[in-house]
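Enquirer: Model the structure of this input:
(2 chains)
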There are 2 protein chains.
Amino acid sequence: MPQDVRFDLPFDTPVSEHLEHARSRHLRWVWDRGLVRSQAGFEEYRSWDLPGAAARTYPHASAADMVVLMNWFSLAFLFDDQFDSGRPDRADRVAEVARELVVTPLRPVGTVPRVVCPITVAWAEVWTHLSDGMSLTWQTRFAASWGRFLVAHTEEVDLAARGLAGTLDLEEYAAFRRRTVGIHHSIDAAERSRGFEVPAEVQAHPLMERMRDRAADTIGFMNDIHSFERERRRGDGHNLIAVLHRERRCSWQEAADEAYRMTADRLAEYLELEARVPQMCDELGLDEEQRTRVRMGVEAIQHWISGNYEWALTSGRYAADKESPAARAELAGKGSLDDLLTV
Amino acid sequence: MPQDVRFDLPFDTPVSEHLEHARSRHLRWVWDRGLVRSQAGFEEYRSWDLPGAAARTYPHASAADMVVLMNWFSLAFLFDDQFDSGRPDRADRVAEVARELVVTPLRPVGTVPRVVCPITVAWAEVWTHLSDGMSLTWQTRFAASWGRFLVAHTEEVDLAARGLAGTLDLEEYAAFRRRTVGIHHSIDAAERSRGFEVPAEVQAHPLMERMRDRAADTIGFMNDIHSFERERRRGDGHNLIAVLHRERRCSWQEAADEAYRMTADRLAEYLELEARVPQMCDELGLDEEQRTRVRMGVEAIQHWISGNYEWALTSGRYAADKESPAARAELAGKGSLDDLLTV
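Expert: Coordinates of the predicted model:
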């Protein structure tokens, strides 16, 4: 099953001109903040090329903000890998750290974390920058999107700890995937990256809600296809191909083909909704300046679909054939090389 | 220092016609759900008359919703009292339960709590009703308001556990009080109680943000005045009168007089802002139906200021002279009679 599965996307995303400069500053930060603690962990982390993901999903960020966005990606991805299926007792610590990450954006900026470990300390630092200059309404939306994602992540870890990772049916899985993919807060962050906000009445409009959900589905399913080999190595049953294979009792190839079709369908639904945006703007009586912010909000979604796709095709995170300490750790059921949940 | 301090409010609130019917159903629920576990605790709880608070702050709720709102009040007030200054180690359990309460509205409705105790189980049940029929945007706003309050509550408990309850200066205390009073989510809930939502662009408007903040200040300071005797009994230094007494090195009477003046000032500021609402509606180009929802949103704030005030004048919670097991518990540094944080 190749990582290199292609989709036909009707939009593109630029790549930030700050990529290389920000990458080197970011890699120093990751090491300084103790987010990687071993040489093997550092090599593995570098192979993922998260800076390449940030530079494509937030192409308009300033040089300084680009570093912060990369820093944010690193702690989110590294936290995602902290659960070790060989140690189900770690689920409680994962949940504790996740809840701490949830409350950070609800505290006054600059508050010291109550649960201290490299992940929570890094997030408090990143949030100080990420929230800077944004309205209370945006902060509220981001905090809830981020919180819903982290709560779903805990649910995922709890299912794995109880050996129930592969028990959701297709409908349950699709709803679950929409919550675990973490796209809603990722799109919210795009407003910060470009220094604008989508008008509140647009974010509250059912059309925008559905567009965000369809984008999340599309990206979640694409990620499942691209990360299938990695998740099989990790023994992670939360993957669309695995769910289809089990539920339809079909071959792996048939399951992959069906996953591809489902992904293309969600993308088509997203595009249908997107075509109705001008009508929504008319209905809400928006002026030109507000329509510009809506257009930038739609571009933010496109940049995420397209940028994440471009990155996933080549990221070492999802490489099928690996000969590395990371692959050995994965084969042993461990998510990552370095423990980031203790001090 | 009498609980019976009067303010001159330019608006009134009706009292729900469902008060007595809902009260009896509510008191059964509180007992059934294990939120009071002793006869003394039940008598103390009854003396607070929280049903009288709910009936005044949410006068337009249906009979069934009125019970749910009373149930919600009970778990919030009882949780607020769970910290025992004689047992600072309890601060961690309070924080754990608080974080669980924060994430409940971020989970799919009906999810079983991950941290189980009478408070969290009761809240999951209440949230199922409270969120029913409300938009994602409202749920997001409520979740963030509620989360900010609970995080501040944990901060308050942590300060008390470290013996630092009386160390904030006046400016710090005023900012802190705005977060601990819990008015933002209380006003959010008013929309649910009356089956409407304030337009998203109005909630996002700086005028509405400032109005909500000034209402929170007004109510927080009023509560400090009315609850002064109770908090002195409990050894709680988080009270405006105590902060003024310490910072200004003045007499208790002078501190109380100054607290009264400050409260009246915040109320006057709120009223000045409220007078600008029609101008905001013009600026946003709202139609008649939207203006009706704005008017109901303003009434929700008024009902909270006025209803909470009317209730606090007579509630047994704040009575100065008490001869009861509750008063003895308070004198011993305990917040409440029954432990609700364990199973």
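Enquirer: Tell me which stretches of chain A form strands.
Expert: For chain A, applying DSSP state E gives no strands.
Enquirer: Tell me where it is predicted with low confidence.
Expert: A:1-2, A:322-335 (pLDDT under 70).
Enquirer: now do 80
Expert: A:1-3, A:84-87, A:165-166, A:233-237, A:319-337, A:343 (pLDDT under 80).
Enquirer: How about the residues of it by chain B?
Expert: A:95-96, A:99-100, A:102-103, A:106-108, A:111, A:114, A:135-137, A:139-141, A:143-145, A:147-148, A:151, A:154-155, A:158, A:175, A:179, A:199-201, A:203-204, A:209, A:285 (CB under 8 Å from any CB of the partner chain). No exception for glycine: its C-beta is placed from N, CA and C like everyone else's.
Enquirer: Just the buried ones among these, please.
Expert: The neighbour count (16 or more other CB atoms under 10 Å in any protein chain shown) marks A:95-96, A:99-100, A:102-103, A:106-107, A:114, A:136-137, A:139-141, A:143-145, A:147-148, A:151, A:154-155, A:158, A:179, A:199-201, A:203-204, A:209 as buried among these.
Enquirer: Pick out the residue of the stretch 201-343 of chain A closest to chain B.
Expert: Closest to chain B within the stretch 201-343 of chain A is residue A:204: 3.7 Å, counting by CB to the nearest CB.
Enquirer: hang on, that residue packs against residue B:200?
Expert: Yes. Between residue A:204 and residue B:200 there is a contact under CB atoms under 8 Å: 3.7 Å.
Enquirer: Need the overlap of contacts for these two.
Expert: Here residue A:204 and residue B:200 have residue B:137 as joint contacts, going by CB atoms under 8 Å, 6 or more residues apart in numbering or on different chains.
Enquirer: which ones are touching residue A:318?
Expert: Contacts for residue A:318 were tallied using CB under 8 Å, 6+ apart; they are A:3, A:226, A:227, A:229, A:230, A:312.
Enquirer: Quick check: the farthest pair among those residues?
Expert: For the contacts of residue A:318, with distances taken as CB to CB, the pair at the greatest spread is A:229 and A:312 (12.1 Å).
Enquirer: Give me the more crowded residue out of those two.
Expert: residue A:312 (20 against 17; other CB atoms under 10 Å in any protein chain shown).
Enquirer: show me the contacts for the more buried one.
Expert: Residue A:312 is in contact with A:3, A:222, A:223, A:226, A:227, A:318, counting by CB under 8 Å, 6+ apart.
Enquirer: quick one: which of those residues is most hemmed in?
Expert: residue A:222 leads the contacts of residue A:312 on contacts (other CB under 10 Å) with 26 neighbours.
Enquirer: Work out the gap between stretch A:30-39 and the centre of the chain.
Expert: With CA atoms, centre = their mean, to the nearest Å as the basis, stretch A:30-39 stands 21 Å off its chain's centre.
Enquirer: ugh, wrong one, I meant stretch A:278-296
Expert: Averaging C-alpha positions (CA atoms, centre = their mean) puts stretch A:278-296 28 Å from its chain's average.
Enquirer: Mind listing what's buried along that stretch?
Expert: For stretch A:278-296, the neighbour count (16+ other CB under 10 Å) marks A:280, A:281, A:284, A:286, A:290, A:291, A:293, A:294, A:296 as buried.
Enquirer: same question, stretch A:172-187
Expert: Within stretch A:172-187, the residues scored as buried using 16+ other CB under 10 Å are A:173-174, A:176-187.
Enquirer: Show me what it is in contact with.
Expert: Outside of stretch A:172-187, the residues within contact range by CB under 8 Å, 6+ apart are A:57, A:76, A:142, A:145-146, A:148-149, A:151-153, A:155-156, A:168, A:212-213, A:215-217, A:219-221, A:223-224, A:238, A:240, A:243, A:300-301, A:304, B:108.
Enquirer: end to end, how far does stretch A:46-66 reach?
Expert: Using CA to CA, to the nearest Å, the span of stretch A:46-66 from its first residue to its last is 17 Å.
Enquirer: go on, stretch A:102-115?
Expert: 12 Å.
Enquirer: now what about that stretch, what contacts it?
Expert: With contact meaning CB under 8 Å, 6+ apart, stretch A:102-115 is reached by A:96-97, A:99-100, A:120-121, A:123-124, A:127-128, A:131, A:139, A:142-143, A:146-147, A:150-151, B:95, B:99, B:102-103, B:106, B:144, B:147-148, B:151, B:154-155, B:158, B:175, B:179.
Enquirer: How far does that stretch sit from its chain's centre?
Expert: With CA atoms, centre = their mean, you get 21 Å for stretch A:102-115.
Enquirer: what do you get for stretch A:42-57?
Expert: The chain centroid and the centroid of stretch A:42-57 are separated by 13 Å under CA atoms, centre = their mean.
Enquirer: List the buried residues for it?
Expert: Neighbour counts over stretch A:42-57 (16+ other CB under 10 Å) mark A:42, A:44-45, A:48-57 as buried.
Enquirer: and what of stretch A:58-71?
Expert: A:58, A:59, A:60, A:61, A:65, A:66, A:67, A:68, A:69, A:70, A:71.
Enquirer: returning to that earlier point: dump the contacts of residue A:312 to a markdown table, plus distance to residue A:267.
Expert: Listed next are these as a markdown table, based on distance: CB to CB, whole Å:
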| residue | distance to residue A:267 |
| --- | --- |
| A:3 | 19 |
| A:222 | 9 |
| A:223 | 13 |
| A:226 | 15 |
| A:227 | 18 |
| A:318 | 19 |
